[in-house]
Every structure is written in C-alpha cells, then in structure tokens.
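Enquirer: Show me the folded form of this:
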Amino acid sequence: MRHIPPSSQRTTISLPAELLAGVDRLVRHGLAQSRNQLIASAIEAELRRRERAAIDAEFASMATDVEYQSEIRRLMREFSSADRDTWQALAEEDP
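Expert: Residues are numbered from 1 along each chain as shown. Here you go, the predicted structure:
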C-alpha cells in the first residue's frame with residue numbers, strides 16, 4: 001500500500017475511461033509520478049486559473065466603477081506634484 005501524506009485525504013472519483021487511459025500512459029512513460037500526482041497537479045492548476053480569472057474579473061469591473069475611477073483621479077491629482085518633484089530631482093542628479 002502506498003504512503004499517503006498526513007495532510008492528504010482519500011477520495012474516490014469517476015473518470016471517463018479514455019481520460020484515465022491517458023493518465024496511465026503519462027505515468028507509464030515517466031511523464032507523471034502517479035495518477036494521484038497528475039490529478040492533484042491538474043486540480044491545483046485549475047484552481048489557480050479560476051482564482052486568477054476571478055481577480056481579473058474584479059480588475060475589469062474597476063474599469064467601469066464610477067466611484068473607483070473618481071478615487072483614482074483624486075489620488076493621481078494628489079500625487080502629481082510628488083511625481084513631478086521626484087522626476088525633477090532625478091533629472092538634476094543626471095550628469
């Protein structure tokens with residue numbers, strides 16, 4: 001019996017036969033350590049992809065959020081003099 005890391009939980013899933021055959025081919029050819037490793041990696045990648053998509057959707061909604069856009073314009077005005085002063089100081093340092 002294979003050792004299961006203490007943080008792992010055993011579960012049962014059903015996969016289409018051709019999908020499982022593909023997984024087994026990868027394991028057989030040494031392109032994946034095991035079924036478990038490959039399936040866990042695929043799930044991790046999908047979770048990261050969905051998390052990134054959710055973050056991207058939040059950023060996209062900011063583009064049409066009137067209150068957010070107003071706040072950004074206010075911050076840009078407040079920092080414009082600091083930005084100008086920084087660029088001027090950097091220009092004065094150049095030989």
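
Enquirer: Look up how far residue 54 lies from the nearest residue to residue 68 once chain neighbours are set aside.
Expert: What sits nearest to residue 68 in space, not counting adjacent residues and going by Cβ to Cβ, 6 or more residues apart in numbering, is residue 62, at 5.0 Å. C-beta coordinates here come from the backbone N, C-alpha and C atoms, glycine included. Applying Cβ to Cβ, to the nearest Å, the value for residue 62 to residue 54 is 13 Å.

Enquirer: go on, residue 40?
Expert: Taken as Cβ to Cβ, the span from residue 40 to residue 54 is 21 Å.

Enquirer: quick one: residue 21 from residue 31, how far?
Expert: 14 Å.

Enquirer: circling back: which of residue 62 and residue 54 has more residues huddled nearby?
Expert: residue 62 (12 against 9; other Cβ atoms under 10 Å).

Enquirer: The more buried one and residue 71 touch, don't they?
Expert: No. Residue 62 lies out of contact with residue 71 (Cβ atoms under 8 Å); the separation is 10.1 Å.

Enquirer: measure residue 63 to residue 11 for me?
Expert: 40 Å.

Enquirer: higher neighbour count, these two?
Expert: Neighbour count, other Cβ under 10 Å: between residue 63 and residue 11, residue 63 has more, with 8 against 5.

Enquirer: Give me the neighbour count for the closest residue to the more buried one other than its chain neighbours.
Expert: Using Cβ to Cβ, 6+ apart and skipping residues adjacent in sequence, the residue nearest residue 63 is residue 69, 7.8 Å away. Neighbourhood size, residue 69 [other Cβ under 10 Å]: 12.

Enquirer: and the one helix or strand residue 69 maps to, average pLDDT?
Expert: Here residue 69 sits within helix 66-93, counting by DSSP states H and E. Averaging pLDDT along helix 66-93 yields 87.

Enquirer: Could you pull out the buried residues of that helix?
Expert: With burial defined by 16 or more other Cβ atoms under 10 Å, not one residue of helix 66-93 is counted as buried.
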